[in-house]
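# generate coordinates for the sequence data below:
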Amino acid sequence: MARPGVSGPLFRSVLVLSRHALARAAASVNTPGALPSWHKWRHVPDWIVFDFEDGAPAEDKPKVRENMRVCLDAALHRWNSAVLAVPQRPSIAVRVNTIHDDWLAQDLQAALHPAIDALLLPKVSDAAEMREWEQRVADAEDSARWSGARRTIRQRPLSLMPIIESASGLWNAHDIAHASTRNICLFNGAADLATDFGVSPNSSLLSGSRATIACAAKSAHLDAVDCAHLNVDDGGGYLREARMARKMGFTGKAVLYPNQVRLANQAFRPTWQETQMAQQVLGDGSHGLHSLQPTGSQLGRVFYGPPHGAHAVAVMSQANRMRSSSSVSKQPSVRPIAQPRGIDFHATRPGAVIRAEHEVTVSQGDVALWQANFMPCSVTEASGLAAQKLGLKGQLVPQTMLATLAVALAVSRLSEHAKLHLGLYNGIQMRPVYAGDTLSAEFEVKGWRLTSKKEDVILETMHTLRNQNDEAVYTVTKRTLFGASTDVQELVSHTDQADFSKPPSPSPSAGVARTLAQRCDTDICSRYRQPSPPLSKGALVQHRIVHPFNVSDVMQLCGLMRVTNAHHLDSMRFDEEELVVPGPLVLSAALANVGSDLGATLHTQLVNATNINQVNPKDLVASLSFVHDIQPVAGSANVEEVTVQTFGVKNQDIDELAQCSFPLGLFSSSPRLPREYEEFCDVVSAPLANNLVVQACQKVLRLKP
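The predicted structure is shown next:
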């Protein structure tokens, strides 16, 4: 039996024609050579099903059979003469009455029309009943006699499509699928199944039944067709159901109205990303087990073996078959051109300054949204009164928001197709930023070099935010890893190679930090924060605040930050659990968890930060902070500078973390590569392995205890 999707008929869209639509189609066959009205549909289903069972009341059943015969007689001549003006004729099936129904004999007689390909068998309960169906159909075929241009039914036996719509049928689905060599698919009869179980059609039980039916079908190399979506005007709901069914292994879905045909054909075809990946797998030429970096992906390498090669062959076969079955419009057409995104290495050299395409006017609402997600840690960001006491105009825009904007606004011109964000260094705020300011971004290419394997390029850029007066207000340095084509590798190899063996040297406290330290007295901040707790060098502080990420918040923040990367936003291409929380948001969450645990904080300055493991929506981020150093601030008797390294950890209970001992070797103010953190955690700190998501070293200005 052929594997579904590789050969045999397509099952993307199975249109169940109502008796009223059938009557209209038969009425349209009123002149010689006329075709049933369904041939005027813009989108042709893979299957048309005539319903002799539930869709036809007892008094209408004879008329339904006659209307079907009229339509098929008219269509058959055109199909046989190969002049039908559609790319591929639909397959035809009949849903007959149950095996013990008095109407079945007449149904089978009508179903022996040579245009009919298969029978839908209702309420099949077990393998014995399936074998009884096979015998009844065979007996009907043997007794049939055809004359004239009609060929005998023996030349093409009717295929069978059992419907699983009872608890006993679901229990025996595997045996039903294997009971007859005529079977070509299993059909999910969810409405009757829900009734048999006494549950709502929306019950979660039906998700389990889908999995059972799909598994039974695949075990017999059959297709699996999902139930209908009853709201014919809810295109979005139909697509969601169809895509979910496809992920569960279904190859098609029932259609109740012609406007759903296009949706089904769209949902049950390989996506562009799937065909691109299949071409990459087949074009790789590797045999056995290997890994690939998907083209344009920032989600890391993917492991592949022989089964994935076979799947790639099936995907390309499906894509080619579906392409050949699609109608081609005769209207003039145009294909969209994708504008180039990301950095062009051929048009860029070290020293180049590139301006980002977006600018943002930061409203008070934007600041409120940010702080609703990420708790402010300094009094100047939390309190307008405290900021004014320190000589500022008002509450400052949070530094984590500035750092995120500095790199996010540059994504479309720099890193949209990068492989990996390696780290941030030396985040310095030169001037205060307030709600109402308009910020633009630019970045300077500081240097580049090939990686040790000569396959990728590391690029160092310095990002600058400017306000509406074109004054630099914030700068941060970033390192990014890019996949490189052969010509880019050649280009970079023949230019000066930057030395990235060490991170950029930390900058001394400057700008806003220095100003605040000089203006501060003890009374100003203690009014708005608890007194600073004593800290000692080498202390590890556990923070009680944790940050949960959810899809809606991440989407909203991505819009606020003008983030354009597909793997952060595109829920059509990626499942919710596959979407990735942007690295700067993970950093902001880890730092926000610190809250007031470090005391009355005036200002923070980012020394370096490294994203280590990715975070997805529904992940929870907790934080730990290690105190590296405490130094007095020159010219201020009330303020000290604490160098602290904060680690974000995902999906770990903070009370369990409190019982762990962490090796001092983990806490180094000089950042490591992500893989180096992982290797270290894998050896000495099991709770952190695969769960360490970010590290950030900061200089924190705070009131002395």
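
# so what's the residue count around Arg562?
By other C-beta atoms under 10 Å, the residues close to Arg562 number 18. C-beta coordinates here come from the backbone N, C-alpha and C atoms, glycine included.

# I figured it hits Ala408, correct?
Yes - here Arg562 reaches Ala408: they are 5.9 Å apart, a contact under C-beta atoms under 8 Å.

# which residues of the stretch 101-250 of the chain fall in helices?
Listed in chain order, the helices of the stretch 101-250 of the chain (DSSP state H, counting those that start in this stretch) span 104-111, 127-143, 167-171, 173-178, 190-197, 205-219, 235-247.

# which phi and psi does Thr358 have?
Wrong residue type there; residue 358 is His, not Thr. phi -110, psi 150 (degrees, to the nearest 10).

# contacts only, for it.
Contact partners of His358, counting by C-beta atoms under 8 Å, 6 or more residues apart in numbering, are Leu409, Ser412, Ser440, Ala441, Arg562.

# distance check, it against Ala408.
Going from His358 to Ala408 by C-beta to C-beta, to the nearest Å gives 9 Å.

# from the contacts of His358, which two are the most distant?
Ser412 and Ser440 (13.4 Å; C-beta to C-beta).

# what touches both of those two?
Both Ser412 and Ser440 are contacted by Ala356, His358, under the criterion C-beta under 8 Å, 6+ apart.

# quick one on the thing from earlier: and for His358 and Ala408, which residues touch both?
In contact with both His358 and Ala408: Arg562, using C-beta under 8 Å, 6+ apart.

# just the strands in the stretch 301-450 of the chain please.
Under the criterion DSSP state E, counting those that start in this stretch, the stretch 301-450 of the chain contains strands at 302-304, 353-361, 420-429, 438-450.

# got TSV for the ones you listed, with mean pLDDT and distance to Leu369 too?
Formatted as TSV, the strands of the stretch 301-450 of the chain follow (pLDDT from 0 to 100; distance: least, C-beta to C-beta, whole Å):
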stretch	mean pLDDT	distance to Leu369
strand 302-304	64	35
strand 353-361	91	13
strand 420-429	89	20
strand 438-450	92	16
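
# which of the ones you listed sits closest to Val615?
strand 420-429 (12.6 Å).

# and for the helix or strand Arg675 falls within, what's in contact with it?
Counting by DSSP states H and E, the element that carries Arg675 is helix 674-684. With contact meaning C-beta under 8 Å, 6+ apart, helix 674-684 is reached by 420, 422, 610-613, 663, 665-666, 672, 688-690, 692, 695.

# alpha carbons of that helix, as PDB, please.
Presented in PDB, the C-alpha positions along helix 674-684 are these (Å, rounded to 0.1, in the frame of the first residue of the first chain):
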ATOM      1  CA  PRO A 674      27.900  30.700  25.700                       C
ATOM      2  CA  ARG A 675      29.300  27.200  25.100                       C
ATOM      3  CA  GLU A 676      32.000  27.800  27.700                       C
ATOM      4  CA  TYR A 677      29.300  28.600  30.300                       C
ATOM      5  CA  GLU A 678      27.400  25.400  29.300                       C
ATOM      6  CA  GLU A 679      30.500  23.200  29.500                       C
ATOM      7  CA  PHE A 680      31.300  24.600  32.900                       C
ATOM      8  CA  CYS A 681      27.700  24.100  34.200                       C
ATOM      9  CA  ASP A 682      27.600  20.600  32.700                       C
ATOM     10  CA  VAL A 683      30.600  19.500  34.800                       C
ATOM     11  CA  VAL A 684      30.100  21.300  38.100                       C
END
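
# which other helices and strands contact the next helix or strand after it?
Counting by DSSP H and E, the next helix or strand C-terminal to helix 674-684 is strand 692-703. On a contact count with 3 or more C-beta pairs under 8 Å, 6 or more residues apart in numbering; DSSP states H and E, strand 692-703 meets helix 512-519, helix 522-526, helix 583-592, strand 601-611, strand 639-650, helix 674-684.

# JSON lines for these, including mean neighbour count, mean pLDDT and distance to Ile116?
Shown next, in JSON lines, are the helices and strands packed on strand 692-703 (neighbours: other C-beta atoms under 10 Å; pLDDT from 0 to 100; distance: least, C-beta to C-beta, whole Å):
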{"stretch": "helix 512-519", "mean neighbour count": "20", "mean pLDDT": "63", "distance to Ile116": "79"}
{"stretch": "helix 522-526", "mean neighbour count": "18", "mean pLDDT": "55", "distance to Ile116": "84"}
{"stretch": "helix 583-592", "mean neighbour count": "26", "mean pLDDT": "93", "distance to Ile116": "57"}
{"stretch": "strand 601-611", "mean neighbour count": "25", "mean pLDDT": "89", "distance to Ile116": "60"}
{"stretch": "strand 639-650", "mean neighbour count": "23", "mean pLDDT": "92", "distance to Ile116": "57"}
{"stretch": "helix 674-684", "mean neighbour count": "16", "mean pLDDT": "79", "distance to Ile116": "60"}
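
# now these in a markdown table, with distance to Leu402?
Formatted as a markdown table, these follow (distance: least, C-beta to C-beta, whole Å):
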| stretch | distance to Leu402 |
| --- | --- |
| helix 512-519 | 10 |
| helix 522-526 | 21 |
| helix 583-592 | 10 |
| strand 601-611 | 10 |
| strand 639-650 | 18 |
| helix 674-684 | 24 |
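
# who wins for proximity to Asp366 among these?
Smallest distance to Asp366 across those (C-beta to C-beta): 13.8 Å, for helix 583-592.

# could you give the angle of the closest one to strand 692-703?
Here the directions of helix 583-592 and strand 692-703 differ by 50 degrees (axes from the mean of the first three to the mean of the last three C-alpha atoms, to 10 degrees).
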